[in-house]
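**Student:** next comes the sequence, and after it the predicted model I'd like to discuss.
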4 protein chains.
Amino acid sequence: VDPTQRPLYYADYLKLDTLLDAQRLRSAQRGETVHDEMLFVIVHQAYELWFKQILWELDEVMAVFRRERVDEAEMGRVVALLHRVTEIQKLLIQQVSVLETMTPLDFLDFRDDLVPASGFQSAQFRLVENKLGVRPTDRLRLAGASYSARLDAPDRAMVEQAEAEPSLHDLVEAWLERTPFLDLGGFDFWAEYQGAVKAMLEHDRQLVEENPNLTAAERAEQLRGFEQTFAQYEAVFDREKHEALMAAGERRLSHRAFQAALFINLYRDEPALHEPYRVLTLLMDIDEGFTAWRHRHAQMAMRMIGRRVGTGGSAGAAYLTRSAERSRVFTDLFNLATFLIPRSARPELPPDVAQTMRFRFEE
Amino acid sequence: VDPTQRPLYYADYLKLDTLLDAQRLRSAQRGETVHDEMLFVIVHQAYELWFKQILWELDEVMAVFRRERVDEAEMGRVVALLHRVTEIQKLLIQQVSVLETMTPLDFLDFRDDLVPASGFQSAQFRLVENKLGVRPTDRLRLAGASYSARLDAPDRAMVEQAEAEPSLHDLVEAWLERTPFLDLGGFDFWAEYQGAVKAMLEHDRQLVEENPNLTAAERAEQLRGFEQTFAQYEAVFDREKHEALMAAGERRLSHRAFQAALFINLYRDEPALHEPYRVLTLLMDIDEGFTAWRHRHAQMAMRMIGRRVGTGGSAGAAYLTRSAERSRVFTDLFNLATFLIPRSARPELPPDVAQTMRFRFEE
Amino acid sequence: VDPTQRPLYYADYLKLDTLLDAQRLRSAQRGETVHDEMLFVIVHQAYELWFKQILWELDEVMAVFRRERVDEAEMGRVVALLHRVTEIQKLLIQQVSVLETMTPLDFLDFRDDLVPASGFQSAQFRLVENKLGVRPTDRLRLAGASYSARLDAPDRAMVEQAEAEPSLHDLVEAWLERTPFLDLGGFDFWAEYQGAVKAMLEHDRQLVEENPNLTAAERAEQLRGFEQTFAQYEAVFDREKHEALMAAGERRLSHRAFQAALFINLYRDEPALHEPYRVLTLLMDIDEGFTAWRHRHAQMAMRMIGRRVGTGGSAGAAYLTRSAERSRVFTDLFNLATFLIPRSARPELPPDVAQTMRFRFEE
Amino acid sequence: VDPTQRPLYYADYLKLDTLLDAQRLRSAQRGETVHDEMLFVIVHQAYELWFKQILWELDEVMAVFRRERVDEAEMGRVVALLHRVTEIQKLLIQQVSVLETMTPLDFLDFRDDLVPASGFQSAQFRLVENKLGVRPTDRLRLAGASYSARLDAPDRAMVEQAEAEPSLHDLVEAWLERTPFLDLGGFDFWAEYQGAVKAMLEHDRQLVEENPNLTAAERAEQLRGFEQTFAQYEAVFDREKHEALMAAGERRLSHRAFQAALFINLYRDEPALHEPYRVLTLLMDIDEGFTAWRHRHAQMAMRMIGRRVGTGGSAGAAYLTRSAERSRVFTDLFNLATFLIPRSARPELPPDVAQTMRFRFEE
């Protein structure tokens, strides 16, 4: 601190004169201030502040993953920043409850003042989506137009640039593909995993075939169930089938990245996988956080405007519900759960492989 | 307090010996206690305790509405009890976060022990749904069978009886139909409301027709918009059209109950409508609470089991998502927002009608 | 909507260019951006936005209570606005969890940049406190100076003016004193209440005196307990004793306002008391919300800076803890619980009094 | 799954017949069921279920720390279980909001039925406290008696045994003392840290002494400030002074454990310290969670019973508030923040020491 300077004031530091003068009620401008419009403005401004913060965190996390080699000493920080995003998301959801204290009748008192502005014009939120990895093909058309059509030119350019650059999803995929563990020290995880799955399923099948209490029909049905389960696994075992699923839009992670993510989930107790496992978990938390927020938002819109069209000409509440279902980014991490096997069936890591995942001072 | 009795102990009052002895881990029974199974048991037991409490509240509220005439002095209590249900719902949702601290890999360690039990066998939750007013036709088939097929006989009977009796939805509908305000003192609310809507729409249409800045195409499109809006209102104005929508499953409240609910929303500032308005709001809150819980539950299941089938043979996460969308009961109260008009367009209540909605001591 | 104007953009409406340009990191200004300073700025800006909203609501509520006669049709609205404040308070508390994602070590990277600014310089929060009714005498000295000494001159003037004007506490007190119910229709509530209390205590005392199972010592002790209980009630019955407690700082509401609040709590089931009862409850909720926030804030500060002094030279965490205990405003409403009596002992309202608390259409 | 057995039912698994039959209302027993007593019972039963779960987790965590050598592969699990406790604590706090939907007047309808039972008789909660490390000397007397006096004999024995055994605090302290890092590879952390602190303080002091803008009085005051700061650090540098503080009750962790905790906080970015750092953070979170819950509980009690004595003869709300302040266990971890130094002043780890904190595959 330079003691010759005039002291720093809280209000100056936070630029409160600007911040607290940025609430301009349209109803006031036409001479009939509607009390509840202030809440509407402030809620949305608070959302935008938090979107800025989320972008700030995502940029930092993406910078780490963009490096050719992720320094492990940065992984604790990546986990901390992603965790911060999830805490912010809880706020976003809580803010819906505050906005819901405005009733539909109160909203009608100034709703016409807002036309045709719309929350769909939040460039920052579109940026968040694109940086996470929402793709143009995941988007619903909005009143027949692209989601970015309603933005002004500079915002549209910014949002579309983010669409063109590698997303967090892409960067995480590349990081997973680089994992050294899949073929470390002669341990072929993929072959071992397939063997374990087959043995597990075969054992279960035998139980069914030898069970004297089943009728022929029951036995047949249970065996059909095994065929289906096995077919699901087959699609994971085989790179070509996986890529066919990718082409069909049912998988997004590359086959190798998918394998790495499965490995991390199965062996997450190894010290070297603690942080990678947390990263994958937090990415799902973030997906879940935005899905939950979109659902709450859709419900709130439903209550506020019923089946009217939104102020921006959107399909309103129905649009929001559908888009909540389509904007999930890390779907394959959720899919992974389908292919986990119990610890009891899990192939054991050879000691030399396990050793590389621990710290030296243990010796 | 009878001072001759032995003193009451906290543990006896709460029957803690029984309560805290009711956690029987299946994994322990086969000799390999899985640590996380305790969480699984306790979370579900806590859910059942809260379901019991919700039923306790619903029964009390339904008893009030079942009377031929609802005593106003009981309305404060009804509001308090419905509000309590919403506070319990927040717990239900929060409990999902606790269950999510169990990972898919941990769950696999004891998942097979649970087959074929399933949360779909919670008779109490089915009772809650049926008492609120979920109808058999709202139900998805579960693995080809009725939602109640998996319950044991006494539970099934209990649940189906609740289905047959008047639900909270039915009771609220009847209460709305009995409202004295719709034709009190010669004030014909329905005619006045229609007039107000028509005047409002006509004024807006004129603006469009006279706007010199619109191209012919733009004007035509905006006028088409008015036709659509007007058609929506027509379906509300006209009892037969309303009943056609009811037959098509798009409305559930009778025409008169719908009118009463609209009246309460529009004139909710009148003292006599404070409590009725709160009741309607809380019914939506409760619907929203369960929808939010179902969504969180579906997301959690997705994370926990991926696309496997559920332990009870259900379609798992996908089933939960679809059912979340179908189990809303008070949809018409949400629909109401579509037909509200701004206070500035609202017909004024004649003084003698307004007077009946206030207290005597005001004079 | 005037169709000749250029369309309203979301970003313009919310003044996002200004809002999102108001984050100036001190660490960036000295050339070494500290990532976490952004969170620090945004959290505090979000707080200030919400404080503005709380002030907006308090001003509206106070305007209603400032009228000579509160229109009942406005009570629903007062309840809604106070409820909104409590929903905002939940956000304030939740925001602490977001700030806690910054660790003490991260904070140290830019803490010196902030000296001597301090959250104690939030003029808006001081305004909130003063409008609610925190008095100069409730304030702790801050490093030997008045809480307002650290504000700049215009802020100090604003805050001190609010201190001089009637607070929400004062306005509610006056409103309670004006209640018509305390001596309506010849029903002397205060006399009836005293009679009921005395009968209740006398009955309990008899039980003790006649209980053959008590030893002489036990009986004596229980009877001493009755004396104490009775002495507490005496201090309520008697206006002079009440005023002595006021002078000693143990009561704040006038004797008549205290009686009215007790009446409202005891007969809150009467329709005319629904809203007044909710108002009293919400005032306690608001007190509780700020107390909870102060506690969370104190804990967070403890974690962040330990026993260092705060950036503004305050005593840091310890100061915050002590001030949390002293800033409660509606303490007497909490005290009321001490003097409630069970419904079974409550004097019955004469029918003509009860009648005035109901609606005409009931006849 | 043995297909010969009868299928497992959800209701049997959860022992719902027992669980849902364990709510016995005292008011019902005297023939006048008070509706709200059910809520009172269920809230407390839910608390006890969750206390059982917390004990289950604490026992597991303590078992890990009780081993002579903590296997790093178990640290991820310890972190997960402690995190689970914090999620459960959020439920405990949320449950207070549910209980608060019962009003004081409603409580009075059955309060006398409960005498002399009291929440202070929750043996499980006392166990939680003792296992965490609340000591007999931290306890307030309850109506002149030990906190355990009101428990029945078996509960008292159980609670007192836990008091006698090593608590989680003790186990963590021993684990910290065993840390290999404090003198690994010739790096003397403690000497380096002291040097860094002294250099930092000396530099700051010079700035003050050479600042031409300070008056003599200001300079003297600021220099006095440095003396105080330095004295605080001295008490940390010196083992004997630290032990004097321990004797005075101002420190609880041994000097070596305190050093280790400081080391972990300062170098937490090193991979080998990620999990230890999280453990320390979560221990503070748990402390904070119980403090927050106690505060909420105290506020609720204040609202519910005012200044009456509690049903168990306790001093009621006042007791709860005071005890919230005294039951913190990991105070020294909070104190640590006082002695952190910025990363810029932190001694650099020699490469060979840093190397032991990373994984082999990095080479």
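**Tutor:** Great, that's in hand. None of these values were measured; they are calculated from a predicted model.

**Student:** run through the residues of chain A sitting next to chain B.
**Tutor:** Proximity of chain A to chain B, by C-beta under 8 Å from any C-beta of the partner chain, involves residues A:103-105, A:108-109, A:111-112, A:232, A:265-266, A:268, A:281, A:284, A:288, A:291-292, A:295-296, A:299, A:302-308, A:321, A:325, A:334-344. For glycine as for every other residue, the C-beta is placed from the backbone atoms N, C-alpha and C.

**Student:** buried among those residues? Need that as a selection in ChimeraX.
**Tutor:** Of the residues of chain A next to chain B, the buried ones go into a single ChimeraX selection, burial set by 16 or more other C-beta atoms under 10 Å in any protein chain shown:
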select /A:103,104,105,108,109,111,265,266,268,281,284,288,291,292,295,296,299,302,303,304,305,306,308,321,334,335,336,337,338,339,340,341,342
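
**Student:** looking at the residues of chain A next to chain B, which are in helices?
**Tutor:** In helices, defined here by DSSP state H, the members of the residues of chain A next to chain B are A:104-105, A:108-109, A:111-112, A:232, A:265-266, A:281, A:284, A:288, A:291-292, A:295-296, A:299, A:302-305, A:321, A:325, A:334-335.

**Student:** tally up the residues packed near the residue nearest to A:Val43 when sequence neighbours are not counted, please.
**Tutor:** Closest residue to A:Val43 apart from its sequence neighbours, by C-beta to C-beta, 6 or more residues apart in numbering or on different chains: A:Leu99 at 4.9 Å. A count of nearby residues for A:Leu99, using other C-beta atoms under 10 Å in any protein chain shown, gives 22.

**Student:** got the contact list for A:Leu99?
**Tutor:** A:Leu99 sits next to A:39-40, A:43, A:300 when contact means C-beta atoms under 8 Å, 6 or more residues apart in numbering or on different chains.

**Student:** do you know the pLDDT at it?
**Tutor:** pLDDT recorded at A:Leu99 is 96.

**Student:** show me where the stretch 251-363 of chain A dips below the pLDDT cut-off.
**Tutor:** Within the stretch 251-363 of chain A, the segments meeting pLDDT under 70 span A:308-317, A:361-363.

**Student:** right, and A:Asn211 touches A:Leu223 too?
**Tutor:** No. Judged on C-beta atoms under 8 Å, A:Asn211 makes no contact with A:Leu223 at a distance of 11.1 Å.

**Student:** tell me the residues of the stretch 151-300 of chain A that contact chain D?
**Tutor:** Residues of the stretch 151-300 of chain A lying close to chain D by C-beta under 8 Å from any C-beta are A:180, A:184, A:207-208, A:211, A:213-214, A:268-272, A:274-275, A:277.

**Student:** who wins for neighbours among the residues you listed?
**Tutor:** A:His274 (27 neighbours).

**Student:** number of residues surrounding the closest residue to A:Ala162 other than its chain neighbours?
**Tutor:** Using C-beta to C-beta, 6+ apart and skipping residues adjacent in sequence, the residue nearest A:Ala162 is A:Asn130, 3.9 Å away. For A:Asn130, the count of nearby residues is 22 (other C-beta under 10 Å).

**Student:** ok, A:Glu348 next?
**Tutor:** A:Glu348 has 10 neighbours, counted by other C-beta under 10 Å.

**Student:** checking my notes, it in a helix, right?
**Tutor:** No. Secondary structure assignment (DSSP: H, G, I helix; E, B strand; the rest coil) places A:Glu348 in coil, not in a helix.

**Student:** any idea how far it is from A:Ala354?
**Tutor:** 9 Å (C-beta to C-beta, to the nearest Å).

**Student:** check A:Asp36 too.
**Tutor:** With C-beta to C-beta as the criterion, A:Asp36 and A:Ala354 are 61 Å apart.

**Student:** ok, the two, which is more surrounded?
**Tutor:** Each of A:Asp36 and A:Ala354 has its neighbours counted (other C-beta under 10 Å); A:Asp36 has more, 24 against 17.

**Student:** so that one sits against A:Phe107, correct?
**Tutor:** Yes. The pair A:Asp36 and A:Phe107 passes the contact test of C-beta under 8 Å, sitting 7.1 Å apart.

**Student:** helices of the stretch 151-300 of chain A, residue ranges please.
**Tutor:** Ranges of helices in the stretch 151-300 of chain A, per DSSP state H, counting those that start in this stretch, are A:153-164, A:168-177, A:189-210, A:216-237, A:239-247, A:255-266, A:271-305.

**Student:** elements contacting the fourth one?
**Tutor:** Identification of packing neighbours for helix A:216-237 by 3 or more C-beta pairs under 8 Å, 6 or more residues apart in numbering or on different chains; DSSP states H and E yields helix A:189-210, helix A:239-247.

**Student:** any low-confidence regions in the stretch 51-200 of chain A?
**Tutor:** A:142-143.

**Student:** just the closest residue of it to chain C, please.
**Tutor:** Proximity of the stretch 51-200 of chain A to chain C (C-beta to the nearest C-beta) peaks at A:Gln121, 3.6 Å away.

**Student:** what's the residue nearest the centre of chain A in contact with, if anything?
**Tutor:** Centroid-nearest residue in chain A, with C-alpha atoms, centre = their mean: A:Asp287, separated by 2.4 Å. Listed by C-beta under 8 Å, 6+ apart, the contact partners of A:Asp287 are A:328-331, A:333-334.

**Student:** A:Ile305 and A:Met102, how far apart?
**Tutor:** Applying C-beta to C-beta, the value for A:Ile305 to A:Met102 is 12 Å.

**Student:** repeat for A:His35
**Tutor:** For A:His35, the distance to A:Met102 equals 10 Å [C-beta to C-beta].

**Student:** and what of A:Ala318?
**Tutor:** Taking C-beta to C-beta, one finds A:Ala318 at 21 Å from A:Met102.

**Student:** still on that earlier bit, shouldn't the residue nearest to A:Ala162 be in contact with A:Pro166?
**Tutor:** No. Between A:Asn130 and A:Pro166 there is no contact under C-beta under 8 Å: 10.8 Å.

**Student:** still on that earlier bit, of the contacts of A:Leu99 - the most surrounded one?
**Tutor:** Neighbour-wise, those (other C-beta under 10 Å) top out at A:Phe40, 24 neighbours.

**Student:** who's in contact with the closest residue to A:Arg219 other than its chain neighbours?
**Tutor:** In space, and not counting its chain neighbours, A:Arg219 is closest to A:Val208: 6.2 Å by C-beta to C-beta, 6+ apart. Residues near A:Val208 by C-beta under 8 Å, 6+ apart: A:214, A:219, A:222-223, A:226, D:3.

**Student:** re earlier: turn the contacts of A:Asp287 into TSV, including distance to chain D.
**Tutor:** TSV is the format used below for the contacts of A:Asp287 (distance: C-beta to the nearest C-beta, whole Å):
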residue	distance to chain D
A:Arg328	23
A:Val329	24
A:Phe330	20
A:Thr331	24
A:Leu333	18
A:Phe334	19
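
**Student:** can you name the helix or strand that A:Leu39 falls in?
**Tutor:** Using DSSP states H and E, A:Leu39 maps to helix A:37-66.

**Student:** what is the orientation angle of that helix with helix A:271-305?
**Tutor:** Taking axes from the mean of the first three to the mean of the last three C-alpha atoms, to 10 degrees, one finds helix A:37-66 and helix A:271-305 inclined to each other by 160 degrees.

**Student:** just after helix A:37-66, pick out the following helix or strand.
**Tutor:** Heading C-terminal from helix A:37-66 (DSSP H and E), you reach helix A:75-99.

**Student:** how near is A:Ala220 to A:Pro154?
**Tutor:** Relative to A:Pro154, A:Ala220 is positioned 64 Å away (C-beta to C-beta).

**Student:** just A:Arg69 next, same as before
**Tutor:** Noted for A:Arg69: a distance of 35 Å to A:Pro154, by C-beta to C-beta.

**Student:** the residue of the stretch 51-200 of chain A closest to chain C contacts A:Ala149, correct?
**Tutor:** No. Counting by C-beta under 8 Å, A:Ala149 is not a contact partner of A:Gln121; they are 10.2 Å apart.
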